[in-house]
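K.L.:
Model the following, please.
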Amino acid sequence: MSRNEARIHGLLRKSLVGELLDTQFDLFSARSKCAGNITKPQALFANHEALAASSEYFASLLSRKFLNDPTLIEFQDYHTCEGGISLSEYGYASNSDLNEEEEEIDEIDKDKEKCVEISTERMSRTASNLDLAIKGTQCIMLSHRVLVTDTAFNIWQALLYYLYTDEIVFAPLQSQGSKIARHSSLDGPPPCSLKSMYRLACKIKHDKLQAKALAAIRSSWTEHNILIDTTTAMTNFPTIAGVDLLHEVDV
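P.N.:
A predicted model of the protein is given here:
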């Protein structure tokens, strides 16, 4: 049995006796054009032992009493993010992995008024949904609950899936004329943005995942899109991935 298979079997055994889920990550999944903030928090559940065994970043993160990453917030209640957070509070405002919320507004002169109404309604609806979600998961004994404020929900989901299974599926680059599939079947890894995963792999210092993402980016570049993507890399990843990416890619 391979190390990967042993890890999956261990997670399955834990799930059978109710010991699997003890860590919750809350991440945002949308950007509101109307209110100008990051919205729609969603929860991901994980096992901290499996994460710690797969990543030094998570081993260090989940062993500390206090988080030392300013983009991560440990909290107990959802009230701190139920209405979303502003773009200035989000650590990756140019993130294309966030869904764009579409609000229907009929008259330009009533834009602001309707935005307020929509935002208030959304906050109320989100709070109600979260109350139901929390009531439905009260049996889960959480040892960690962390709000992630610089990574989209679907990217973190792909990261956790990779740490569990060593499998990852990268979506084509946007410069190739393709859009990232927001929904995928449950029989395989959720697709994720190449450049966003490269950025995250650099942040958590996961060399193997970083190399996978970099190799995929290299193979995706052609004479038709390389100029667009190198410019985007320098704009979006100046301190984390941009310089490394341009130095490591043969052009």
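K.L.:
Low-confidence ranges, this structure, go.
P.N.:
35, 76-82, 93-96, 102-140, 174-186, 223-251 (pLDDT under 70).
K.L.:
What ranges does this structure have for its strands?
P.N.:
With DSSP state E, the ranges of strands along the chain come out as 23-32, 37-46, 72-74, 85-86, 99-101, 144-148, 169-170, 191-192.
K.L.:
Of those strands, which is nearest A213?
P.N.:
Among those, the nearest to A213 by Cβ to Cβ is strand 169-170 (7.0 Å). The way it works is simple: take the backbone N, C-alpha and C, and place the C-beta from them, glycine included.
K.L.:
List the neighbouring strands of that closest one plus their orientation.
P.N.:
strand 191-192 (parallel) (DSSP bridges).
K.L.:
Could you dump the strands of the chain into CSV with mean neighbour count and distance to Y198 added?
P.N.:
Output for these, formatted as CSV (neighbours: other Cβ atoms under 10 Å; distance: least, Cβ to Cβ, whole Å):
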stretch, mean neighbour count, distance to Y198
strand 23-32, 21, 18
strand 37-46, 19, 20
strand 72-74, 15, 20
strand 85-86, 14, 24
strand 99-101, 14, 21
strand 144-148, 19, 17
strand 169-170, 19, 9
strand 191-192, 22, 10
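K.L.:
Out of these, which gets nearest to A53?
P.N.:
strand 37-46 (11.9 Å).
K.L.:
related to what we said a few turns ago, among the strands of the chain, which is nearest G10?
P.N.:
strand 37-46 (13.4 Å).
K.L.:
Which strands or helices does that closest one pack on?
P.N.:
When contacts are defined as 3 or more Cβ pairs under 8 Å, 6 or more residues apart in numbering; DSSP states H and E, strand 37-46 packs onto strand 23-32, strand 85-86, strand 99-101, helix 111-136, helix 153-165.
K.L.:
in its sheet, what does the second one sit against?
P.N.:
Using DSSP bridges, strand 85-86 pairs in its sheet with strand 37-46 (antiparallel).
K.L.:
tell me the angle of the partner strand relative to helix 153-165?
P.N.:
20 degrees (axes from the mean of the first three to the mean of the last three Cα atoms, to 10 degrees).
K.L.:
quick one: strand 37-46 to strand 144-148, angle?
P.N.:
150 degrees.
K.L.:
Export only the CA atoms of strand 37-46, formatted as CSV.
P.N.:
The C-alpha coordinates for strand 37-46 follow below in CSV (Å, rounded to 0.1, in the frame of the first residue of the first chain):
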residue,chain,number,x,y,z
ASN,A,37,-16.8,43.8,-1.1
ILE,A,38,-16.0,40.1,-0.8
THR,A,39,-19.0,37.9,0.0
LYS,A,40,-20.6,34.5,0.3
PRO,A,41,-18.4,32.7,3.0
GLN,A,42,-18.4,28.9,2.7
ALA,A,43,-17.0,26.3,5.1
LEU,A,44,-14.5,23.5,4.4
PHE,A,45,-13.9,20.8,7.0
ALA,A,46,-10.7,18.8,7.5
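K.L.:
Burial check on the nearest residue to H9 once chain neighbours are set aside, number of neighbours?
P.N.:
Computed as Cβ to Cβ, 6 or more residues apart in numbering, the closest residue to H9 that is not its neighbour in sequence is M1, at 7.3 Å. Counted by other Cβ atoms under 10 Å, the residues lying close to M1 total 8.
K.L.:
and R31, what does it touch?
P.N.:
Neighbouring residues of R31 by Cβ atoms under 8 Å, 6 or more residues apart in numbering: N37, I38, T39, L87, N95, L98, N99, E100, E101.
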